[in-house]
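> Need coordinates for the below:
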Amino acid sequence: MSAPRLLIIQHEDDCPPEWFGEWFRQAGLAFDVIMGHRGDLVPDTLTGYDGLVVLGGEMGAYDDKRHPWLTPTKQLIATVVEAGQCFLGICLGHQLATVALGGQVIVNPAGQAKGLTEVVLTDAGRADSVIQSIRDGAQSIQWNSDIAASLPAGTVALATAPDGTVQAARFGARAWGVQFHPETSPRVFASWGHGATDAVREANTTALRQIEAAESALRADWEPVARRFAEVVRQAAADSQLAAS
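Numbering: from 1, shown residues only. Below is the predicted model:
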């Protein structure tokens with residue numbers, strides 16, 4: 001039996017699957033990466049794949065005119081979730097899913113979130129097969145200006161930040177999204193924010209130092225989430241092969 005295979009949609013060179021790619025491989029998953037910003041075509045369906053992962057990026061969920069691959073990406077997300085297939089959205093991917101499925105994303109009234117933010121599980125999150133592994137007080141890497149203001153019908157909030165903003169959600173039986181960057185290392189975080197003012201660069205440096213100090217804890221906290229999602233994909237692939245036999 002061949003390894004279950006993911007399709008990953010990437011929006012920027014400096015926002016790769018990184019840690020999650022490492023953990024997916026260790027969990028026995030293969031994956032292909034579509035580089036939307038480089039002109040790779042986004043398919044209409046997930047044919048040939050067992051799950052979809054959509055990564056983050058600096059663009060917004062409604063920026064289709066400037067970033068035209070976002071339109072077919074949202075269409076694919078909706079198709080995948082509605083079909084009960086496996087999906088994980090990270091930061092922008094979470095926001096694209098929110099919009100694709102009928103929710104609303106807005107600019108965060110509190111301003112840009114950058115650096116480390118605590119993630120607090122809801123009761124539903126504590127019972128969720130993928131998110132329940134998050135420990136109390138776990139920190140998440142943030143670099144975003146937008147938030148999900150209203151979730152799509154039927155979507156369940158699984159975690160929030162201390163300010164109440166949704167940090168994780170379940171969009172369907174096998175579909176999740178997270179507002180933060182569990183896949184990102186300090187090395188990649190350090191590459192973000194080019195061309196910023198001196199004041200912003202100083203703030204970025206402060207955030208980076210905090211993330212570097214927390215690297216071991218970040219890996220320990222977020223690897224189980226990647227592996228739990230990988231197990232969902234593996235089970236879905238096995239079920240699909242059994243049904244086809």
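> Which stretches in this structure count as helices?
Secondary structure of the chain (DSSP state H): helices at 18-26, 70-82, 92-100, 123-127, 186-189, 198-213, 215-244.
> give me the low-pLDDT residue ranges for the protein?
1, 194-203, 245 (pLDDT under 70).
> Quick check, central residue of it?
Ile90 (1.2 Å; Cα atoms, centre = their mean).
> With mean neighbour count and distance to Gly48 as added columns, please give the helices of the chain in TSV.
For glycine as for every other residue, the C-beta is placed from the backbone atoms N, C-alpha and C. What follows is the helices of the chain, written out as TSV (neighbours: other Cβ atoms under 10 Å; distance: least, Cβ to Cβ, whole Å):
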stretch	mean neighbour count	distance to Gly48
helix 18-26	19	17
helix 70-82	20	13
helix 92-100	27	20
helix 123-127	14	32
helix 186-189	16	28
helix 198-213	14	36
helix 215-244	17	12
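> Of all those helices, which one is nearest Asp50?
Asp50 sits nearest to helix 215-244 of all the helices of the chain, at 4.1 Å, using Cβ to Cβ.
> how near is the residue nearest to the centre of the chain to Thr47?
23 Å (Cβ to Cβ, to the nearest Å).
> now do Arg170
Counting by Cβ to Cβ - Arg170 and Thr47 are separated by 24 Å.
> These two: which has the busier surroundings?
Arg170 (21 against 7; other Cβ atoms under 10 Å).
> doesn't Trp176 make contact with that one?
Yes. Look at Arg170 against Trp176 with Cβ atoms under 8 Å: they come within range, at 5.5 Å.
> hey, what's in contact with both of the two?
131, 158 (Cβ atoms under 8 Å, 6 or more residues apart in numbering).
> For the residue lying closest to Gly57 once chain neighbours are set aside, which residues are in contact?
In space, and not counting its chain neighbours, Gly57 is closest to His11: 3.2 Å by Cβ to Cβ, 6 or more residues apart in numbering. With contact set as Cβ under 8 Å, 6+ apart, His11 has these partners: 36-37, 55-57, 59, 67, 69, 92.
> Got a ChimeraX select line for the buried ones in these?
Selection of buried members from these for ChimeraX, criterion 16 or more other Cβ atoms under 10 Å:
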select :36,55,56,57,59,67,69,92
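> Looking at the contacts of His11, which one is closest to Val232?
Leu55 (18.2 Å).
> Please name the bridge partners of the closest residue to Thr98 other than its chain neighbours.
Counting by Cβ to Cβ, 6+ apart, Thr98 lies nearest to Ala148, which is 4.5 Å off, once chain neighbours are set aside. When bridges are called by DSSP bridges, Ala148 pairs up with Val105.
> And Ala148, how close does it get to Val166?
From Ala148 to Val166 the distance is 5 Å (Cβ to Cβ).
> joint contacts of these two?
What both Ala148 and Val166 touch, as defined by Cβ under 8 Å, 6+ apart, is the set Gln179.
> circling back to that earlier point, can I get the helices of the chain in a markdown table with distance to Ile141?
Formatted as a markdown table, those follow (distance: least, Cβ to Cβ, whole Å):
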| stretch | distance to Ile141 |
| --- | --- |
| helix 18-26 | 10 |
| helix 70-82 | 22 |
| helix 92-100 | 14 |
| helix 123-127 | 18 |
| helix 186-189 | 6 |
| helix 198-213 | 6 |
| helix 215-244 | 7 |
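> Quick check: which of the ones you listed is nearest to Lys114?
That would be helix 198-213 among those, by Cβ to Cβ, at 5.5 Å.
> Surely Ile34 is in contact with Leu6?
No. Using Cβ under 8 Å, Ile34 makes no contact with Leu6, being 10.9 Å away.
> Mind checking which of those two has more residues around it?
Just comparing Ile34 and Leu6: by other Cβ under 10 Å the higher neighbour count belongs to Leu6, 25 against 20.
> Quick check: closest non-adjacent residue to the more buried one.
Counting by Cβ to Cβ, 6+ apart, the residue nearest Leu6 is Phe31, at 3.9 Å.
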